[in-house]
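1. here is my input, please return the structure:
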Amino acid sequence: MDKIWLAIMILSLVFLIFTSPETALTSMITASGTAVNLAVKLLAVYAVWLGLIEIVKETQLSKKLSNLLSPLIDFLFGKVDNKAKDYIAMNMSFNMLGVGNAATPTGIKAFNALEDGSDKITAAMVMLLVINTTSIQLLPTTIIGMRVTAGSVNASDIIMPSLIATIISTAVGVILVKLIYRNKKSKRNLYATANTTKHKQS
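-> Purely as a prediction, here's the structure:
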């Protein structure tokens, strides 16, 4: 990914030098300043949510979240151990609050906890990736923060459209994962049955 972004930056700079060389340096400086300014403004948003993550860990609220979301986690991921459930519950909760980047550490830990030692990606891992990618946004705090920094008159009017769009995308993603893995399981069972019948006949 780093190589892709580097290639895009180099190609963009080369194109700009050939098409409008007098603005190349100015554009780079302006873009860098804008990026730094946005990062500083969003720092407060992420500081709050990262602090909240630590509070959740220290107060064992993750256990309560895990118990609350346990039926949903069992449906989506199948039977997983308690450690994985805790990380999944925290990851899903923070993603629903629109702090996907701040929830990344719990997502990585949840992904690692779902490993079964086979060095192959499991259905639960795929489901976790889909849930993180689509992620129902009850409160898209990051987007609201960016809209505030951009001077939006009503930064929160994104809530309802975001909620509807992410509910649809998450539902479609979950259904597709369930259907694909159910189809794969059916094929494996059919193949195993065929082999058993073949051995009996021989």
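
2. which residues does the residue lying closest to F77 once chain neighbours are set aside contact?
-> Leaving aside its chain neighbours, F77 sits nearest to A124 (4.3 Å; criterion: C-beta to C-beta, 6 or more residues apart in numbering). For glycine as for every other residue, the C-beta is placed from the backbone atoms N, C-alpha and C. A124 is in contact with F77, G78, V80, L114, counting by C-beta atoms under 8 Å, 6 or more residues apart in numbering.

3. what would those residues look like in a markdown table with distance to N154, pLDDT and neighbour count?
-> Formatted as a markdown table, those follow (distance: C-beta to C-beta, whole Å; pLDDT from 0 to 100; neighbours: other C-beta atoms under 10 Å):
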| residue | distance to N154 | pLDDT | neighbour count |
| --- | --- | --- | --- |
| F77 | 37 | 89 | 21 |
| G78 | 42 | 86 | 13 |
| V80 | 41 | 86 | 19 |
| L114 | 40 | 89 | 23 |
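
4. nearest to L61 among the residues you listed?
-> Using C-beta to C-beta, the shortest approach to L61 within these belongs to V80, at 19.3 Å.

5. for the record, mean pLDDT for whichever strand or helix holds S169?
-> Following DSSP states H and E, one finds S169 within helix 159-201. Averaged over helix 159-201, pLDDT sits at 78.

6. next, name the residue at the spatial heart of this structure.
-> Residue closest to the average C-alpha location in the chain (C-alpha atoms, centre = their mean): N132, at 2.6 Å.

7. among the contacts of A124, which pair sits farthest apart?
-> Using C-beta to C-beta, these span at most 9.8 Å, a distance reached by G78 and L114.

8. follow-up on the earlier one: against V36, how distant is the residue nearest to F77?
-> 39 Å (C-beta to C-beta, to the nearest Å).

9. do Y87 as well
-> Between Y87 and V36 the computed distance is 33 Å (C-beta to C-beta).

10. is T122 in contact with D116, as I believe?
-> Yes - here T122 reaches D116: they are 5.8 Å apart, a contact under C-beta atoms under 8 Å.

11. tell me which of those two has more neighbours.
-> Neighbours were counted for T122 and for D116 using other C-beta atoms under 10 Å; T122 has more, 16 against 10.

12. helices of this protein, start to end?
-> Under the criterion DSSP state H, the chain carries helices at the ranges 2-19, 24-58, 61-77, 82-96, 104-113, 123-134, 141-149, 159-201.

13. list the residues that contact M146.
-> L38, L42.

14. and the closest residue to T149 other than its chain neighbours, how many neighbours does it have?
-> Leaving aside its sequence neighbours, T149 sits nearest to K41 (C-beta to C-beta, 6+ apart; 4.3 Å). Residues lying near K41 (other C-beta under 10 Å) number 14.

15. and the gap between K41 and V148?
-> Distance from K41 to V148, counting by C-beta to C-beta: 8 Å.
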